[in-house]
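Enquirer: mind folding the following:
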Amino acid sequence: MEDKKQLITQSAIKVFQEKGIEKATVSEIVKGAGVAQGTFYLYFPSKLSVMPSIAEVLVNVSIDRLIEKVDHDQPFSIQLEQIIETIFSITEQYRDILALIYAGLASTEHLQEWETIYEPYYERVASILEEAVENKEIKRDTNPAQTATLLIGLIESAADQSYLYDFQNDDKIEQKKKDVYKFSISALI
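Expert: Below you'll find the predicted structure:
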């Protein structure tokens, strides 16, 4: 049954990208998923209620990408650069989906689910910070869980500004990454 929910979620992503949230219909979503309309309503009470599932897909992509791109054998300073680069890369690659998620979650009662959906993402970055504390690479009194939330928020906000709001050129984006790095590293060391 979970496979059908995933099919519906993937189809919703495509339909929302093609038609926009307002013009998309449940009929189009189920057609793309190859399931009956009643099956849609077993998982989601409305088309907007798919948004948390779409956010989960992106969080899972983010976690997988961090696992792949952040080298735990490197010092924390290099890992921080890799985290920043990874988050910027994800934001660039998935800018359309992110815009959908932000618009969809903001227009529904599901906004409060965001922190729960993000929890595994925060935990992944917190584990990197915990290791850096243990290795005495960052301040001893750093709270990895709280700092992970702040760090992800900072990096994502800078990436969102670059790719969703301002559509900055490559030089400005590279400078923004450097500024985020300098700000973060100075706060942590």
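
Enquirer: check which helices and strands whichever helix in the chain runs longest sits against.
Expert: In terms of residue count, the longest helix belonging to the chain (DSSP state H) is helix 114-134. Helix 114-134 is packed against helix 51-69, helix 76-93, helix 144-160, with contacts defined by 3 or more C-beta pairs under 8 Å, 6 or more residues apart in numbering; DSSP states H and E. For the C-beta atoms, the positions are set from N, CA and C on the backbone; glycine is no exception.

Enquirer: in the longest one, which residues are buried?
Expert: Translated: helix 51-69. For helix 51-69, burial by neighbour count (16 or more other C-beta atoms under 10 Å) applies to 51-59, 62, 66.

Enquirer: pull the distance from the longest helix of the chain to the chain's centre.
Expert: 13 Å (C-alpha atoms, centre = their mean, to the nearest Å).

Enquirer: how about JSON lines for the helices and strands packed on helix 114-134, with distance to V15 added?
Expert: As requested, the helices and strands packed on helix 114-134 are exported to JSON lines (distance: least, C-beta to C-beta, whole Å):
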{"stretch": "helix 51-69", "distance to V15": "11"}
{"stretch": "helix 76-93", "distance to V15": "19"}
{"stretch": "helix 144-160", "distance to V15": "23"}
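
Enquirer: for those helices, which one sits closest to P45?
Expert: Ranking these by proximity to P45 (C-beta to C-beta) places helix 51-69 first, at 11.9 Å.

Enquirer: pLDDT on the closest one, on average?
Expert: The average pLDDT for helix 51-69 rounds to 93.

Enquirer: stretch 26-33 now?
Expert: The model assigns stretch 26-33 a mean pLDDT of 96.

Enquirer: next: stretch 114-128.
Expert: Here the average pLDDT along stretch 114-128 is 92.

Enquirer: cool, and stretch 176-189?
Expert: Per-residue scores along stretch 176-189 average to 97.

Enquirer: next one: stretch 155-172
Expert: pLDDT averaged over stretch 155-172 gives 89.

Enquirer: so which bits of it are buried?
Expert: Across stretch 155-172, burial judged by 16+ other C-beta under 10 Å covers 155-156, 158-163.

Enquirer: now those in JSON lines, with distance to F16?
Expert: Shown next, in JSON lines, are the buried residues of stretch 155-172 (distance: C-beta to C-beta, whole Å):
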{"residue": "I155", "distance to F16": "25"}
{"residue": "E156", "distance to F16": "20"}
{"residue": "A158", "distance to F16": "25"}
{"residue": "A159", "distance to F16": "21"}
{"residue": "D160", "distance to F16": "18"}
{"residue": "Q161", "distance to F16": "23"}
{"residue": "S162", "distance to F16": "22"}
{"residue": "Y163", "distance to F16": "18"}
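
Enquirer: OK, contacts around the most centrally placed residue in the chain?
Expert: For the chain, V59 is the residue whose C-alpha lies nearest the centre (C-alpha atoms, centre = their mean; 4.6 Å). Taking C-beta atoms under 8 Å, 6 or more residues apart in numbering, we find V59 in contact with 117-118, 120-121.
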